[in-house]
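Peer 1: could you look at this predicted model? Sequence included:
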Amino acid sequence: MNFFKLIFPIVLSFSLLACQKNKEKVAQIQKQKQPVYNPDVIYGEDNRKDFYEVQNPLLQQLSLSTVALVSSYDMTDVGDSYLLNGTPFGQAYDLCPSEPFLTQPTTAFCSGFLVAPNIVVSAGHCISNEQDCRNSYFVFDYAVYKKGEFPGRVSKSKVFQCKKIIHTQVADNGSDFSVIELDRAVTDRTPLKLRQQDEAHKGDPLVVMGHPSGLPLKIADGAKVRDVKSTYLVANLDTYGGNSGSAVINTKTLEVEGILVRGEMDFIYDGIKGCQRSKRCPDTGCRGEDVTKISEVLPYLPEEENTSPSAPTTFHTEPHLKIPDNNPLGVSSKIFVPFSPYSKKVNVFVHIQHSWIGDLQIALTAPDGTTVLLHNRKGRSLNQIQGTYGKDLSSEETLTLFSKTSTTGTWTLTIKDLAAWDEGTLVSWGLEFEPSKTPLK
């Protein structure tokens, strides 16, 4: 409206035809750029960070329990994985060039988080009925693990569907949450811990993890509780529309305080630059962001919603690499581990097809350069190696050498064929970090 008032005196000075054309243009701009009221806004400094930018490995670990809610219409089945059909952020919202994350895809419509192996919590307005249940996919690891590498494809092992809605409710100025049972258990990550007693207090430090405007995972800390209501908290969280359903975590206790559900408008139209930009507020200004208390959700959760990891954290690749015959350089395959798992006990599973495994030497190198010899020219004419070093396969050197190394970074498996006549293929391999009860410090 202010933009129209600004140009109106100028429009009057033009011919009748020009006046009419300009009026039509202004009306069109106003219609297209009208801000939409959703969660949320930037308070003070913009604290949103991609996974790879976060320096605290424990926050990275917690964020793995975040799930992106994606419409089935925005996913394309391509066999063992799905293509994610997302529009670049800047294009989707006609953003000003100064906005961050312009080229990242926007695929998610809401966020959620894991509270039990097969239970996810989100906002009630995200999953409110059976149609929402049928048309929504729950996608883990929709995140940026390396600068410039955006997620466009996801393995089907990371994608879940809604089996049923356990409970959903929405109140305009109160609780807003949904509890969803997934079609199968999530076994490669840990459900988040939830506050079970008392409640948060003004000034408590917070971090939020979710998918603002549908972007890949963003972790935003530096927020605080501003007010405590009967069913929700008010905080100065840096969140946007797609953050609805995000876990809001107390950074002192590492327990979920609640679910991000509503707040300020996302963007305002810059009439001078002709684009949209994030609305910014001082840390103590604007209305604040509303967070449904997790205590509203607890009655609808299974009794054992907070358990230690029940299965190893695994990373897997299927390179199908040819192993060159009689070549001391061999062939290498890499796996990037983006966080420090709950345990540094490492197992290594491999599947190698080769007509004479007695020709092979296999070694694993950790991100800090520590190398362990797994296989050294044993087995003679056997034609494959398939199993897990540390379990059913014995390594030449002990895997405990990795216990004091950094797990975050690139792990390299190197296979050398050191004799003539036989060739083979590295079909697949992976890393398995066995669970423990205590997170790494």
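Peer 2: Nice, thanks for sending it over.
Peer 1: Three-state assignment for Ala143, please.
Peer 2: coil (DSSP: H, G, I helix; E, B strand; the rest coil).
Peer 1: please identify the helix or strand for the closest residue to Thr76 other than its chain neighbours.
Peer 2: Distances taken as CB to CB, 6 or more residues apart in numbering place Leu83 nearest to Thr76, at 4.2 Å, with adjacent residues excluded. Just so you know, the C-beta spots here come from the backbone N, C-alpha and C atoms, and that holds for glycine as well. Assigned by DSSP states H and E, Leu83 falls within strand 81-84.
Peer 1: so what does that strand touch, helix or strand wise?
Peer 2: Contacts defined by 3 or more CB pairs under 8 Å, 6 or more residues apart in numbering; DSSP states H and E place strand 81-84 against strand 75-77, strand 136-140, strand 153-155.
Peer 1: weakest of those in terms of mean pLDDT?
Peer 2: For the helices and strands packed on strand 81-84, mean pLDDT drops lowest on strand 153-155, to a mean of 92.
Peer 1: thinking again about what came up before, adding mean neighbour count and distance to Lys193, write the helices and strands packed on strand 81-84 out as a markdown table.
Peer 2: Below are the helices and strands packed on strand 81-84 laid out as a markdown table (neighbours: other CB atoms under 10 Å; distance: least, CB to CB, whole Å):
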| stretch | mean neighbour count | distance to Lys193 |
| --- | --- | --- |
| strand 75-77 | 13 | 30 |
| strand 136-140 | 22 | 18 |
| strand 153-155 | 14 | 26 |
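Peer 1: relative to Asp238, which of the ones you listed is closest?
Peer 2: Proximity to Asp238, assessed across those by CB to CB, is greatest for strand 136-140 (22.3 Å).
Peer 1: what residues does that closest one touch?
Peer 2: Residues from elsewhere that reach strand 136-140 (CB atoms under 8 Å, 6 or more residues apart in numbering): 64, 66-72, 75, 82, 84, 108, 112, 120, 127, 154, 158-162, 180, 182, 186, 189.
Peer 1: filter those down to just the ones in strands.
Peer 2: 66-71, 75, 82, 84, 112, 120, 154, 159-162, 180, 182 (DSSP state E).
Peer 1: the residue nearest to Lys293 when sequence neighbours are not counted: helix or strand, and which one exactly?
Peer 2: The shortest distance from Lys293 to any non-neighbouring residue, by CB to CB, 6+ apart, is to Gly258 (4.9 Å). Gly258 belongs to strand 256-262 when elements are defined using DSSP H and E.
Peer 1: so what secondary structure elements neighbour that strand?
Peer 2: strand 110-116, strand 176-182, strand 205-210, strand 232-235, strand 247-250, strand 289-293.
Peer 1: who touches the closest residue to Gly174 other than its chain neighbours in this structure?
Peer 2: Closest residue in space to Gly174, ignoring its immediate chain neighbours: Thr231 at 4.4 Å, by CB to CB, 6+ apart. The contact partners of Thr231, by CB under 8 Å, 6+ apart, come to Ala171, Gly174, Ser175, Thr292, Lys293, Glu296.
Peer 1: switch to 6 Å and redo it
Peer 2: By CB atoms under 6 Å, 6 or more residues apart in numbering, the contact set of Thr231 is Gly174, Ser175, Lys293, Glu296.
Peer 1: now swap in Pro151 and tell me
Peer 2: Tyr142, Pro216.
Peer 1: what mean pLDDT does stretch 395-411 have?
Peer 2: pLDDT averaged over stretch 395-411 gives 85.
Peer 1: follow-up on the earlier one: farthest pair within the contacts of Thr231?
Peer 2: Gly174 and Lys293 (9.8 Å).
Peer 1: ok, these two, which is more surrounded?
Peer 2: Using other CB atoms under 10 Å, the more surrounded residue of Gly174 and Lys293 is Lys293, with 24 against 16.
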